[in-house]
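Enquirer: For reference, the sequence and a predicted model appear below.
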Amino acid sequence: MKRLVVMGVALGMGALAAAQGTEIKVLAAGSLRAALGDVAKAYEAASPGRKVTLGFGASGLLKDRLVAGERADVFASANMEHPQALAAAGKAAAPQAFASNRLCALGSPAFDATPDTLVAKLLDPAVRVGTSVPKADPAGDYTWVMFERIEKSGRAGAFKTLSEKALQLTGGPNSPPPPANRSAYGALMAAGAADLFITYCTNAVIAQREEPSLKRIEVPAEVNVSASYGVTVLQGAPDDAKQFVQFLLSAPGQAVLARHGFAAP
């Protein structure tokens, strides 16, 4: 009789665990904070009993944490290189592209530029240019590629000038954490940390929503850079992690990303 009671309790606990589902831990690029939060809510609504826990940061720093052994189930990066590095190290499956972005300039209320005059303004010694930290944050890497394209467009010495004057304000190991429930870019620009900031267009939209006096200036197509976002499932992750990635790639998941300004991969 005692044995039957114990078996009954064990079966009951197993049923409860099944009903509660699996918690999926996702580490993702900071630029995905709002969009992926809504994707997670949509996935949970479509998959009762499943829970998604999100953590955000600069993709390069997150990759380093995962290489060092931090546990997660899904990694969503603002580039393809970092999840590919995890796959090459045997720590993750082959990544899949799931979204794309592009660069915009976020200007202070006093900053005056158009897409046609933006490059000249960037090169003005008096203009303070904010960026993310290259290598740690893909937004910084994309910005450095933009600087290279500006030089190749016929402005000799532009890469050296821009890379040396850039104020690397976000995304690095020593960068201050973003304020709670607020865009780091909006907060930095509101505090006067730079005259303009080169960041993803989706980040610029969020910052402008928080600080309507800020200006969003399109980067000319000939020097702009397309950011390809990649997602991978880490080794040892539960099947629910794969289902979350499938949802992210599905029409409903892509629709959520599109509402936040991301383009298709």
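Expert: Alright, I've got the coordinates.

Enquirer: Could you use CA atoms for every contact and neighbour count after this?
Expert: Noted.

Enquirer: Strands of the stretch 101-250 of the chain, start to end?
Expert: Applying DSSP state E, counting those that start in this stretch to the stretch 101-250 of the chain gives strands spanning 129-132, 167-170, 196-200, 215-218, 226-233.

Enquirer: any chance of those strands in TSV, plus mean neighbour count?
Expert: Listed next are the strands of the stretch 101-250 of the chain as TSV, based on neighbours: other Cα atoms under 10 Å:
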stretch	mean neighbour count
strand 129-132	26
strand 167-170	20
strand 196-200	26
strand 215-218	20
strand 226-233	23
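
Enquirer: in which helix or strand would I find Phe75?
Expert: strand 74-77 (DSSP states H and E).

Enquirer: Can I get that strand in PDB? Just the C-alpha atoms.
Expert: Taking C-alpha atoms only, strand 74-77 is exported to PDB below (Å, rounded to 0.1, in the frame of the first residue of the first chain):
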ATOM      1  CA  VAL A  74      18.700  29.800 -27.400                       C
ATOM      2  CA  PHE A  75      21.100  32.500 -28.600                       C
ATOM      3  CA  ALA A  76      19.800  35.300 -30.900                       C
ATOM      4  CA  SER A  77      22.600  37.500 -32.100                       C
END
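
Enquirer: so Arg71 is in which element?
Expert: Arg71 belongs to no helix or strand, assigned by DSSP H and E.

Enquirer: Give me the phi and psi angles of it.
Expert: Dihedral pair for Arg71: phi -90, psi 130, per degrees, to the nearest 10.

Enquirer: and it, how many neighbours?
Expert: Residues near Arg71, counting by other Cα atoms under 10 Å, number 16.

Enquirer: Let me know the distance separating it from Ala241.
Expert: Per Cα to Cα, to the nearest Å, Arg71 is found 13 Å from Ala241.

Enquirer: ditto for Ser183
Expert: Using Cα to Cα, one gets 28 Å for the distance from Ser183 to Ala241.

Enquirer: One more: Ser108?
Expert: From Ser108 to Ala241 the distance is 41 Å (Cα to Cα).

Enquirer: now swap in Ala251 and tell me
Expert: Taken as Cα to Cα, the span from Ala251 to Ala241 is 18 Å.

Enquirer: Those two: which is more packed in?
Expert: Between Ala251 and Ala241, counting by other Cα under 10 Å, Ala241 is the more crowded of the two (23 against 11).
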